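Undergrad: Next comes the sequence, and after it the predicted model I'd like to discuss.
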Amino acid sequence: MTGKHWGYGKDDGPSIWHQNFPVAEGDRQSPIDIMPQQASHDPNLGPIVLNYDHCTSLNICNNGHSVVVEFDDTDDRSVILGGPLDNPYRLKQFHFHWGGKGCHGSEHTVEGNSYASELHLVHWNAVKYRSFGEAASAPDGLAVLGIFLETGDDHRWLHTITDALYMVKYKASVTDFKGFNPKCLLPSSLHYWTYLGSLTTPPLHESVTWIVLKEPIAVSERQASFECSCSLGRKRIRGYAWKITSGPPSLSKAGKYAPPIN
Ligand SMILES: CCCCCOc1ccc(S(N)(=O)=O)cc1
Ligand SMILES: [Zn+2]
């Protein structure tokens with residue numbers, strides 16, 4: 001069964017995704033505009049923990065929508081845990097949402113401001129579900145760590161990725177990408193916002209616990225303007241960040257997951 005076509009153009013873009021993917025009109029759709037002042041602090045939210053030590057990266061591929069680095073997720077070598085998560089979630093892949101020419105390609109925004117790009121590290125709940133596909137349809141199936149990229153100094157490790165991206169400039173190309181540890185892409189602080197949302201592209205399943213880091217990482221203008229044949233754009237903002245809580249840095253000072261104060 002071939003997946004339904006979608007894109008970022010006038011005829012297949014975000015404003016008509018709901019025709020093939022009605023969940024686009026759901027009540028926990030991502031991305032959102034994060035309003036830090038409206039985030040309630042949650043004292044029970046501990047720090048997030050990233051066990052990416054045994055790098056299990058496999059390859060890098062261009063699926064026509066994004067360039068994805070895929071991981072071996074047959075065991076718990078690379079997992080995210082803690083924060084809002086009840087158990088470890090296995091790293092499956094990471095990918096970027098670039099703008100064109102270093103412009104604002106991030107999907108989430110903060111007080112209406114977008115960043116040059118946004119990195120998504122996609123994890124799935126292998127404790128409760130038997131496969132990524134099954135987890136991707138469950139309300140607690142996925143956890144995506146979002147990291148903003150802003151232009152500034154050259155990012156010493158991003159080169160390994162942007163250089164490899166040139167190998168997969170065209171759709172459906174794949175190339176080996178072993179031994180990469182995404183821990184080198186993290187900012188110094190793991191302070192985060194978290195909310196229950198969805199995949200930001202079709203099939204838009206409402207299965208994602210979003211964990212968005214407050215601190216962006218710096219990449220050079222050239223690195224941020226990387227474009228490949230996959231036409232990446234930005235989905236229009238759904239909703240707003242009302243069901244969002246902020247998590248602590250390494251010390252746990254978090255609050256309860258509070259419903260919005262109307
Ligand atoms: C059941 C098959 C799902 C294929 C699509 O997978 C995705 C789609 C979007 C994201 S994102 N931008 O929200 O991180 C992560 C994974
Ligand atoms: Zn994404």
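TA: Here it is on my side, so go on. Note that the structure is a prediction, hence the values are computed from the model and not measured. Numbering: from 1, shown residues only. Ligands and ions are numbered 1, 2, ... in the order given.
Undergrad: for the helix or strand harbouring residue 223, packing partners?
TA: Using DSSP states H and E, residue 223 falls within helix 221-224. Helix 221-224 is packed against strand 142-151, helix 158-165, with contacts defined by 3 or more CB pairs under 8 Å, 6 or more residues apart in numbering; DSSP states H and E. C-beta: built from backbone N, CA, C; applies to glycine.
Undergrad: Could you give the separation of that helix from the chain centroid?
TA: 19 Å (CA atoms, centre = their mean, to the nearest Å).
Undergrad: For the stretch 51-200 of the chain, what lies in contact range of ligand 1?
TA: Contacts of the stretch 51-200 of the chain with ligand 1, taken as CB under 6 Å from any ligand atom, map to 120, 122, 133, 136, 144, 199-200.
Undergrad: Which of the helices and strands packed on helix 221-224 has the highest mean neighbour count?
TA: For these, the largest average neighbour count (mean count of other CB atoms under 10 Å) is found in strand 142-151, namely a mean of 23.
Undergrad: Output the contacting helices and strands for it.
TA: Here strand 142-151 touches strand 89-98, strand 117-124, strand 208-213, strand 217-219, helix 221-224, going by 3+ CB pairs under 8 Å, 6+ apart.
Undergrad: Tell me which residues are up against the helix holding residue 223.
TA: Defining contact as CB atoms under 8 Å, 6 or more residues apart in numbering, one finds that helix 221-224 is touched by 98-99, 102, 105, 116-117, 149-151, 154-155, 158-159, 162.
Undergrad: so what's the residue nearest the centre of the chain bridging to?
TA: Note on the chain: the residue nearest the mean C-alpha position is residue 120, at 2.4 Å, using CA atoms, centre = their mean. For residue 120, the beta-bridge partners under DSSP bridges are residue 95, residue 146.
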